[in-house]
Structures are given as C-alpha cells and as structure tokens.
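Visitor: how would this look folded up:
(2 chains)
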Amino acid sequence: MQYIWLIPLLPGIGAAVNGLVGIRAFSRQLAGLVACAMMTLALGLSLVAFWQLLGLPADARFYDVTVAEWIPRIPLETGSGVGLFQVGWGFRLDPLSGLMILVVTGIGTLIHFYSTAYMHDEPRGGVARFFCYLNLFCFFMLMLVLGSNFLVMFVGWEGVGLCSYLLIGYWYEKKSASDAGKKAFITNRIGDWGFILGVFLIYYTFGTLDFRAVQDAAAAMPVEAMHWGVLSTICLLLFIGATGKSAQIPLYVWLPDAMEGPTPVSALIHAATMVTAGVYMLGRNAVLFSHAPMVLQIVAIVGVLTALMAATIGLVQYDIKRVLAYSTVSQLGYMFTAIGVGAFSAGIFHLMTHAFFKALLFLGSGSVIHAMAGEQDMRRMGGLKKYLPVTYATMMIGTLAIAGIVPLSGFFSKDEILFRAFLANKVIWVIAVATAMMTAFYMFRLMAMTFMGDYRGPAWEAAGAGGAAAHTAAVHGAPHPADAHAHGKAHLKDHEVSHGPAEPHGQSQSSVVSHQADAHDMHGHDAHAAAHDDAHGGHGHGPWHGPHESPTPMTFPLMALAVGAVVAGFVGIPAALGGGNAIEHFLEPSFTASHHEAAATAGVEPAEPAGEHEAPHASRGVEIGLMLFSLAIAVSGILIARKFYVTSPEVSDQMAERFAGAHRLLSHKYYVDELYGATVIGGTFAGARGLWTFDRKVVDGAVNGTSWVTVVSSWFSGLTDRTIVDGVVNLVGWVVQESSLVFRRFQTGLVQNYALLMLFGIFAFVGIYLFAR
Amino acid sequence: MITPTHYMLLSAALFMIGVIGVMVRRNIIIIFMSIELILNAVNINLIAYSAQLQNAIGQVFAVFVIAVAAAEAAVGLGIILAFYRNKETINIDEMNLMRW
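Guide: Down below sits the predicted model:
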C-alpha cells in the first residue's frame, strides 16, 4: 500500500512515452498497447491497494504517504498569526479515494481498450496523441482523488480540466470542436476561481491544507446553522468550483458542447470520472459542508434544479450524444441533491453506479456512431438492433439501470437519494421524482429512436448488389415509420422478459460480425460519408457497407460495463430490503472527522455530518413504499416513451405541435446559451470593444497628439532654421558675392597693370615726401 | 670733370628707360631686358658712391646684384620657355590667368 503513488504515476509514464516518442514513432497498435498496459497495471495496483484497505479494521482504514516535499515551510499569514505554509506531494488512501481509484482505473482501462478499436481509423500520430491525452487525464484524475491535501487535489483538478480541453478539441481542425474545447476550459476556469479562493480561505482559517487536519479543525467549530460564518463562505466557494467541474447551474453549458470530442472521451471524462470530481470534492469535505447547512441547502436546490432542467432539455434533443450529455448533467444534479440533503454516501454511491451505466451508454452510443459512420442524429437511425445486437442488449441494460428498474444498480442509488430527499424536503423530492420519470422517458426515447422501428439512415452499397437505390427511398423521409409498431413491441417484450438469452446470442453473432467489421474498417466509408468524415476526423475512403456490429475490443467493454451496471448496486442494498447498505458504512469514515482528535478539542460537540442521523428515523414501510412509487414512476416513464415512439409515433409530433412554445423552448435549451451569449459573452465583447475604443481614441489619441505637436513645432523650428539662420549665412555669402563684383575688377591678371599701379604709388609717396612735408 | 651728379643722372635715365620699357612693352623678353636695365641703373649708382666714399662695400653689393640678376634671368627665362610651350605666345596680354 505504500506504493499508492504509483497508481497515478503509471498512466503519467504512459502519457510521457506516448507524448514524447509515440506521436513520432509508434504505430497505432503500439500506442494503444502502451496506454492500455499502463492503465491495466494501475488497475491491478488499485485492486491490491483496495484489497489491503479492506483488510484493515473499519476505523483505521486510511493510509497516508508523502512522496516528496513540495512547498517547504514558508511563513505565511493566517487568521491567527503567521503560520508555516507547508505542502507535500501527499497521497491518502481511504474508503472514499479507494472507491474512486477503482472507478477511475476500472472504467478507464475498459475505455482505453475500447478506444483502440474506436480510434482505429485515425491517422497514426493522432492515435498516439489521443492515448497520450487519455493517459494524462487518468494521471491527473488519480492525483485528484488520491491527493491528501487541497493543493495536490488542485493540481489534479486543473490537470483534468486541461486534458478535457485537449480531448474535446481533439479534432481541432473542426471549428465547433475547438470552440467547444475553449468553452469548456473557460467555463471551468470560472469554477476554479471559486475553488482556489476557497483553498486560500481554508489556509487563512486553519493554517493548513491537509484534508484530515482541516476536517478535524472544522469539526471542533460550531455548526453555522443560523449565521453565515467563515465555514459557509469556504463551502460556497468550493461549491462554485464544483459547479464548474461538475456542470451544475449556472456553469453547466460546457458539458453538452463537450460532446464534440471522441465518444470514448465523452464516456470517460464527461460522464464517468472528471465531471464527478465536484461531487467527490464535496464528499471529501463532508465535515466542512456538514457545518454549513445553509450552503448544503444551496447545493440541494442547485442540484435538483439542474437535474430537472437538464432532463427537460434531454426530452427533445435529437443528437444521441447530446441526450446522454444532458442526462449526465441531470444525474450529476442528483448527486448534488444527495449531498445537499446530507446524504454524502448516497451521492458517492450514485456517482459509482452512474459511472458504470453512463460509461456503458456512451460507449454504446459510440458503437452506434461507429456503425453509422459518424452519424449522430437519431432521426437518421432506427431499427439498428438487428445490426448491432450486442450494443443494443448492453445499452438496454444501461437504460434500465439509469431509469431505476429493480434490481439494476441505478435503482438502489437513485432510490437512496430519493428517500433521503423525501426525509429532508418534500419539494426537492417531488422535483427529483419528476426528473426520474423524465429520465426514464428520454432514455427509452433514445433507445426507441435508435434501435427500434425502421431504418431511416443513409443508404449503403450492399456488397455485390446494386441495392443503394432501393434503400434511398426509405431514407430521410419519415422520422417515424408507420410499421414501427409491431417491430418495436415484439422486441421490447422479448427483451423485458429476459435479457439473459440475448447475451449469448449477441456474443455469438459479434464474433462473426467482428470479422466483417474489421474488414470494413479497412476501407472506411464512401463518398456520402463526407459529412461524417469531418465529424470523425480522418476516416478512410471507400464504400460503407451499412451499419455493422463493432469489433470485439469495443463490444467487450460494453459487456463488462453492462455487468457492472447490473451488479454495482448490490453493494448498497438498503436495510429496508434486507441488505446491509455496505457502501454507506464503508464510506462513513471518510465523511467524519477522526474522533479522538475532534473530541480532544475543547468541549464542543464533535458534529456528525447532518443527515447521517436521520436515516433510522424513517419507518421501513415508508421506505419500501417510496421505492415502489419511484419504480412505478420509472415504468410509467418508459411506457409513455413507448407509446410516443414505438406504438403510436405520430403522438410525439402532435404533442410537439400542441405545446409548440414549450417544445421550442426546450429545443433551444431554454435559450441559456443565447442568454449567456447576450450577457456574459456580449458583455465581455462590449467591454473589450469599449476598451478598444478607449485605446484607439484616448491612448492612441495621446500618442498621435504628441506626434502632432512634434510635427507642428518642428515645422516652426524648420521655418526658423530656413529663414533666420540660413538667411544670415546666405546674407554673408550674398554680401561677399555682390561686393566682389566691384572689387574683382582690379584683379585684371595683367602684371603690367599691377606694376603701373605700384609706380603711381611710388610716385605718390615720393611726391608726398618731397613736396607735402 | 665727371661728378657724382653725372652718375646720378645717367643712373636715373637708365632707370626710367627700364621702367617705361616694363610698363609699355608687350613682348615679355623686352620686359625682361628692361628689368636688367633697372638693375644695372642701380649698380651704377652703387659703384659711383663706392668710388666717391672710398668704401668697397658698394662694389661688393653691385657684384651681389649681378649674381642675383643672373639667377633671376635663369629662372625667368625658364618660366617664359614653359609658358611659350603652353600658349605658343610670349605676349604679356595673354598672361592673365590670375585674374578673377
């Protein structure tokens, strides 16, 4: 366990190798191999560390290791005098971080394997770049969850943001992708601003940044139930950081746009791990938040409103990944709701189950997109289940899990949240239940539009037969084919009864199909896929042979995650159903201060996280009743979706027409992007333009004015020089010249003239001498 | 009896002949010769007074003047020869290169 620092380091090494050497020299296979090997090693180490952690007694399940000193003891002012600011590269393994590293490395490894196939058609250097970023992301994410103080966490926090930016903009030649990357990065920076301010305030208040020390100190402080104190401010600032990273109102806008990145990225970063960092961070600081009930209330309200808003938007989206993106935002809202009502372990539990089924759904959608040669619009899919049996079966498991159908994982985690919300606040519970119904509805809508009904996508060249023309007739025209009814119904029943038989069937077929798929991948897609090519970067050229099941490296993670989505919930079977709610007890030490230290500090009551006490108060009957109710809600959501999109498809259009205003509002995502565009972005532009005008008019004006003054004064100076100074000089010359006109007459050059003059001179002098004396 | 006054008159006459020759003639050789007349007028003067005052310095001075005149004639004739080669003339009116 003393080697836990290797867990983040291994992917870091992979990133360095791929980044420094791989981009220039590695083949696609080698780059993927390096990345996958590093992730597998990290997964193995995580499993060992977790196993050792389980071996410890429950109240001593933590392990701290400081690899190196980072910031030595610098004197820095705190609220109570000058403290010594000291931060080390410290890592802490405890139940919470142990669970997180399993999620990150486990799902990360599967997605790495998936990516080797998904990115198969990318150019060679691009693949190495992709795996470099992906490994780098895992490095930072593991650092984030393993860090034992706020500063190490912040390094990971910023690093995952950077990797998110790099990976969203992976196809950077596409304007929308690079814009989405920038949007994600800038929006995250706003949240990070809150986070780092919170960290500053924590140091100022407590004089340390170590999680454990801060929690122990905070536990000794009174709960700020009635007044707004320093802990509330800290928590609010940290929560601002969480809203940025975890896509909550008002900073959620980047996540749907982040779907511009490759689908494995969406699955790993924008569904399973990075976006849950905010939830993790709040869970990590459970003691702080328990002492700030007012902030917890804000968290709960923001969370549940985000859940509702995102779910309503998800109802009407047509892009398969966008539906899942809004679903992710919505589910993150659930997690924050759980934290907000004090159910920290329920929030983390949902984080874990969500990681499984949402990664599964994203990878499934990636498989569909792969099969459709880059098509993402669900209106151009339909009837794909006969082409993609494995994807269909696994995605159906994910859908049922997210909808909360017993006994899949989503049921347990979501019900735990709903139950705790019910105990805390009925209004929040009502909104959360409404959201649960919408979740079931839009997820089943996604499944129906993608896999059921008739094929509505582009035609393809059937091998050997000129079938293209035959297919085009069915293309683009009807969004809801008339005979979808029988098809969908039959298959739905088949599936609901048991998905057991479906799996071996799918598997046997996949091995057959994967051969063809491999062959297809080699020649890529035909000319009509030009539009998909820019979505997909550099796919090859050649005929596209229609939707096909993905190769084994893609279907295997789907199946593994499907198993996870089924069984992940069993660690948290609530007591009401006879389970032990093992995960709650397992995680509890991470959410409380270490008891002996807290008790040692003065006579203040060591506060338990709020809500941890409430669970026993509800009767078992209420809990079971609520479960049945939410199950009924989920089933009714599915049934409504079935009616709208399978049995009588025209209903959905009628509804869209009847509630045209609402439909338009939802289709435009509540005009939030437009609102932000008009206020924040427009304001920034207006401010920049104002400053530019100021610069142009005032600053440039001053500079230009100076130069104008110089020009004018130098003109006068030149005038003086030309007229007066030059005038004097010229006057002297002129006088000399003019006078020489007279005097040069004497200079005849004839010697005799001179001699004559001399003679006259002598005569004159002699005459004067002789006669004038 | 020949008195110093006669020598004076001869000397003055020679001198005036020489001066007028320098003034009015255009041929540079003639002017040269006139200058020699002037110098010799001076020599007569010097020797006449040397004889009358019984002092040999006057005669020494006359010999000195003759020597200088010889040198002057050599240099002057050289200049004239060079000028003639350039201008193909010995007319003094042509020699006005030093005018303005």
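Visitor: closest point of the stretch 201-350 of chain A to chain B, which residue?
Guide: Nearest to chain B in the stretch 201-350 of chain A, going by C-beta to the nearest C-beta, is residue A:260, at a distance of 93.9 Å. Every residue, glycine included, has its C-beta placed from N, CA and C.
Visitor: who are the contact partners of that residue?
Guide: Residue A:260 makes contacts with A:168-169, A:171, A:174, A:176-177, A:180-181, as judged by C-beta atoms under 8 Å, 6 or more residues apart in numbering or on different chains.
Visitor: who are the packing partners of the longest helix along chain A?
Guide: Criterion DSSP state H: the longest helix present in chain A is helix A:175-206. Packing partners of helix A:175-206 (3 or more C-beta pairs under 8 Å, 6 or more residues apart in numbering or on different chains; DSSP states H and E): strand A:63-78, helix A:150-168, helix A:211-219, helix A:230-245, helix A:254-257.
Visitor: give me that answer again for 6 Å
Guide: Applying 3 or more C-beta pairs under 6 Å, 6 or more residues apart in numbering or on different chains; DSSP states H and E, one finds that helix A:175-206 makes contact with helix A:150-168, helix A:211-219, helix A:230-245, helix A:254-257.
Visitor: buried sites along that helix?
Guide: Of all the residues in helix A:175-206, those buried under the rule 16 or more other C-beta atoms under 10 Å in any protein chain shown are A:177-178, A:180-181, A:183-185, A:187-188, A:190-192, A:194-199, A:201-206.
Visitor: mind checking how far the strand or helix carrying residue A:713 is from the chain centre?
Guide: Per DSSP states H and E, residue A:713 falls inside helix A:700-720. Using C-alpha atoms, centre = their mean, to the nearest Å, the distance from the centre of helix A:700-720 to the centre of the chain it belongs to is 55 Å.
Visitor: so, low pLDDT: which residues of the chain?
Guide: As the question left the chain open, I've gone with chain A. A:461-543, A:594-618 (pLDDT under 70).
Visitor: wait, I meant chain B there
Guide: Using pLDDT under 70, chain B drops low at B:98-100.
Visitor: before we move on, the earlier item: ok, the contacts of residue A:260 vs residue A:554, which is closest?
Guide: For these, the minimum distance to residue A:554 (C-beta to C-beta) is 19.2 Å, reached by residue A:171.
Visitor: doesn't the closest one belong to a strand?
Guide: No. Residue A:171 is assigned coil when assessed by DSSP: H, G, I helix; E, B strand; the rest coil, not a strand.
Visitor: then stretch A:641-651 to CSV, C-alphas only?
Guide: Only the C-alpha atoms of stretch A:641-651 are listed here, as CSV (Å, rounded to 0.1, in the frame of the first residue of the first chain):
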residue,chain,number,x,y,z
ALA,A,641,-41.9,6.8,-24.2
ARG,A,642,-43.1,3.5,-25.7
LYS,A,643,-46.4,5.0,-26.6
PHE,A,644,-44.8,8.1,-28.1
TYR,A,645,-42.1,6.5,-30.1
VAL,A,646,-43.0,2.9,-30.7
THR,A,647,-46.7,2.1,-30.6
SER,A,648,-48.1,5.4,-32.0
PRO,A,649,-45.2,7.5,-33.2
GLU,A,650,-47.5,10.3,-34.5
VAL,A,651,-48.3,11.2,-30.9
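Visitor: and the helix or strand hosting residue A:739 with helix A:700-720, angle?
Guide: Residue A:739 is located in helix A:726-743, with elements delineated by DSSP H and E. With axes from the mean of the first three to the mean of the last three C-alpha atoms, to 10 degrees applied, the angle from helix A:726-743 to helix A:700-720 works out at 20 degrees.
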